[in-house]
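[1] can you look at this prediction? I've put the sequence above it.
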Amino acid sequence: SRPARRNCCDVLARRSQLAGAPHATHVMLFRRQEREKFPYEYPSHLRELAAELPKAPGVYQFHGEEQSVPLYIGKSVDLRTRVLSHLREPGEARMLSQTRRITHVRTAGDLGAQLLEAHQIKALQPLYNKKLRRTHRICSIALDLGGVRYAFSNEPNFRLRTNLYGLFGSKMAAMDKLRALADEHELCCARIGLERTPGGRPCFRHSIGRCRGACAGKEAGRDHDERLLTALRAIEVAKWPYKGKVAIEERDGKLRQLHVIDHWNYLGSAESLREARRIKGDSGQFDRDDYYIVARPILSGELRVRDL
């Protein structure tokens with residue numbers, strides 16, 4: 001979750017220019033003007049602030065003159081080293097020139113840092129963070145007795161559902177993934193709802209040899225649906241494995257944190273089980289970032305999980 005680097009922007013602009021994109025020259029001119037306006041100078045005024053940070057996990061914030069919204073929020077397992085590395089980035093000259101204060105919050109490990117960073121970015125919307133912005137609605141491919149459907153994270157009980165596949169930023173992205181799976185596994189686009197065929201005619205893909213014929217009576221519907229399920233299992237959303245909320249325990253020396261999770265959503269952190277049990281409330285919509293952060297440590301058993 002670093003600010004975009006100068007060289008990355010230049011590479012993308014160059015690729016656009018080679019592809020004949022009409023705005024490519026404008027993009028390159030803008031980046032050159034930015035470099036001229038904000039030439040890199042080592043931000044010596046920040047070195048002392050960075051040197052005071054602990055060599056430990058946590059989340060840090062860069063603040064400018066305006067105190068209400070941070071310029072940038074980041075996380076690291078080594079706060080001091082990570083922040084010092086920012087000071088050597090010419091591509092971040094503009095942000096560094098605006099920074100006046102650096103604050104931090106210690107965590108007991110990388111998991112806590114990831115969770116805190118993600119939620120702070122969504123809540124505070126810092127100027128220079130480009131990733132982890134809030135996605136208001138997530139779409140997932142769903143299977144039920146009626147076939148392929150699309151489920152959305154703002155629907156009641158989305159977090160409690162099973163047979164969900166993939167977490168996408170839009171229905172169109174989910175359909176694109178389903179279409180790619182159809183190409184790879186010779187699935188019938190009519191049977192999975194990607195193509196309408198008048199009068200029960202075979203789908204177009206069958207006419208060009210890309211469908212095994214479930215729409216033409218050449219493949220049993222059950223066999224087709226088994227192949228579809230096999231293709232979707234690679235992106236299956238894991239079922240919540242507990243009855244209710246749990247706490248994932250992290251320790252770093254004397255610092256102990258219990259991260260409270262309910263159906264993949266992060267509710268908050270505490271230092272004791274008593275405090276963790278007091279964290280109440282509806283966890284709201286399904287949060288894709290929370291899921292990607294906590295699914296592996298929960299399912300792999302690499303961290304201790306406490307029932308609440």
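    The structure has been received and is ready for your questions. Numbers count the residues shown, from 1 in each chain.

[2] how about the helices in the chain?
    Using DSSP state H, the helices assigned to the chain run over residues 6-18, 24-37, 44-51, 79-86, 93-98, 110-124, 171-185, 204-207, 221-232, 273-278, 288-300.

[3] which one of those helices is the most hemmed in?
    Highest mean neighbour count among the helices of the chain (mean count of other C-beta atoms under 10 Å): helix 110-124, with a mean of 21. The way it works is simple: take the backbone N, C-alpha and C, and place the C-beta from them, glycine included.

[4] report the angle between that helix and helix 79-86.
    60 degrees (axes from the mean of the first three to the mean of the last three C-alpha atoms, to 10 degrees).

[5] what lies in contact with helix 110-124?
    With contacts defined as C-beta atoms under 8 Å, 6 or more residues apart in numbering, helix 110-124 is touched by 1, 57-59, 61, 69-70, 73-77, 105, 107, 129, 131-134, 248, 250, 257, 259, 266, 269, 289-290, 293-294, 297, 303.

[6] sketch out the low-pLDDT regions of the chain for me.
    1-40, 132-135, 281-283 (pLDDT under 70).

[7] hmm, what's the outermost residue in it?
    For the chain, the largest distance from the centre (C-alpha atoms, centre = their mean) belongs to residue 199, which lies 42.3 Å off.

[8] returning to that earlier point: could the helices of the chain be laid out in JSON lines, adding distance to residue 158?
    Output for the helices of the chain, formatted as JSON lines (distance: least, C-beta to C-beta, whole Å):
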{"stretch": "helix 6-18", "distance to residue 158": "35"}
{"stretch": "helix 24-37", "distance to residue 158": "38"}
{"stretch": "helix 44-51", "distance to residue 158": "42"}
{"stretch": "helix 79-86", "distance to residue 158": "35"}
{"stretch": "helix 93-98", "distance to residue 158": "37"}
{"stretch": "helix 110-124", "distance to residue 158": "18"}
{"stretch": "helix 171-185", "distance to residue 158": "14"}
{"stretch": "helix 204-207", "distance to residue 158": "31"}
{"stretch": "helix 221-232", "distance to residue 158": "17"}
{"stretch": "helix 273-278", "distance to residue 158": "25"}
{"stretch": "helix 288-300", "distance to residue 158": "11"}
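
[9] can you tell me which of the ones you listed comes nearest to residue 65?
    When the helices of the chain are compared by C-beta to C-beta, helix 93-98 sits nearest residue 65, at 7.6 Å.

[10] rewinding a little: quick one: which of the contacts of helix 110-124 sit in strands?
    Among the contacts of helix 110-124, DSSP state E puts 58-59, 61, 73-76, 105, 248, 250, 257, 259, 266, 269 in strands.

[11] the closest residue in space to residue 167 that isn't next to it in sequence and residue 87, how far apart?
    Nearest non-adjacent residue to residue 167, counting by C-beta to C-beta, 6 or more residues apart in numbering: residue 288, 4.7 Å away. Distance of residue 288 to residue 87, given as C-beta to C-beta, to the nearest Å: 32 Å.

[12] select, out of the helices of the chain, the one closest to residue 144.
    Per C-beta to C-beta, nearest to residue 144 of these: helix 221-232, 11.7 Å.

[13] does anything pack onto that closest one? Which helices or strands?
    Secondary-structure packing of helix 221-232 (3 or more C-beta pairs under 8 Å, 6 or more residues apart in numbering; DSSP states H and E): strand 139-144, helix 171-185.

[14] got CSV for the ones you listed, with distance to residue 229 too?
    Putting the helices and strands packed on helix 221-232 into CSV (distance: least, C-beta to C-beta, whole Å) gives the following:
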stretch, distance to residue 229
strand 139-144, 7
helix 171-185, 11
